[in-house]
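*Asks:* whatever this is, show me its structure:
(one chain, ligands or ions: 1)
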Amino acid sequence: MNVISAILLNEHPVKGCIQDGNGKTKPFPIFAIDGLPLNIWISKNTSFKDANSSVPAHGWLYDFENSVPLSNAWKLLKPETSEYGAVSTVIPILICSDDLDLVCNVIMIEQMVTESEVQWIRFGVAWNNMHDLVTSVVWEQPFSSPVLTFKLNDFEEAYNNLKSLDKAWNEGI
Ligand SMILES: [Zn+2]
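*Replies:* I've put the predicted structure just below:
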């Protein structure tokens with residue numbers, strides 16, 4: 001069982017990501033897996049070594065015409081259970097810090113939700129998108145990355161914490 005939490009990231013390979021307009025440090029919210037920030041965890045444990053310079057899709061994904069991609073990312077991540085079995089959803093989790101869109105270097109996960117657990121069973125990159133949703137993914141080959149397993153309650157708590165940290169961060173606190 002892995003531990004997921006929401007933290008504020010103080011250090012990032014792209015300095016501009018943790019600074020405000022005046023160059024002052026402004027740590028941003030991100031998930032941590034077993035205490036390791038998600039960008040670092042993915043760059044260490046998957047074949048996506050460049051992911052350490054990425055930022056979370058949740059909070060950063062933005063379309064300057066409208067905010068649909070951002071709200072989609074939050075909706076997809078929210079664990080939904082079904083009485084008919086495990087629910088599988090593909091979700092953008094990290095994005096390129098230069099582009100902040102669904103096109104350039106989008107790290108995707110497949111999330112599987114049961115009545116007691118949330119699992120991230122594989123990692124990939126977005127290959128295509130339609131109407132602000134990623135429709136095709138190139139999955140990591142071979143599937144060598146560890147499967148992450150979280151307690152559903154812990155995941156829901158981390159999700160809610162990340163969301164409130166993001167809200168505060170966007171309001172400039
Ligand atoms: Zn890019």
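*Asks:* residue 158: neighbour count?
*Replies:* 20 (other CB atoms under 10 Å). Using the backbone N, CA and C atoms, a C-beta is placed for each residue, glycine as well.
*Asks:* any idea how far apart the tips of stretch 127-147 sit?
*Replies:* 22 Å (CA to CA, to the nearest Å).
*Asks:* chain center to that stretch: distance?
*Replies:* 13 Å (CA atoms, centre = their mean, to the nearest Å).
*Asks:* where are the low-confidence patches of this structure?
*Replies:* 64, 173 (pLDDT under 70).
*Asks:* and the residue nearest to the spatial centre of it, backbone torsions?
*Replies:* The centre of the chain sits closest to residue 93, judged by CA atoms, centre = their mean, with a distance of 2.6 Å. The phi/psi pair for residue 93 (degrees, to the nearest 10) reads phi -120, psi -40.
*Asks:* and it, how far from residue 25?
*Replies:* Counting by CB to CB, to the nearest Å, the gap from residue 93 to residue 25 is 24 Å.
*Asks:* mind listing the helices for this structure?
*Replies:* 38-45, 57-60, 68-77, 152-170 (DSSP state H).
*Asks:* out of these, which is the most enclosed?
*Replies:* helix 57-60 (a mean of 24; mean count of other CB atoms under 10 Å).
*Asks:* packing partners of it?
*Replies:* Under the contact definition 3 or more CB pairs under 8 Å, 6 or more residues apart in numbering; DSSP states H and E, helix 57-60 sits against strand 28-33, helix 68-77, strand 87-95, helix 152-170.
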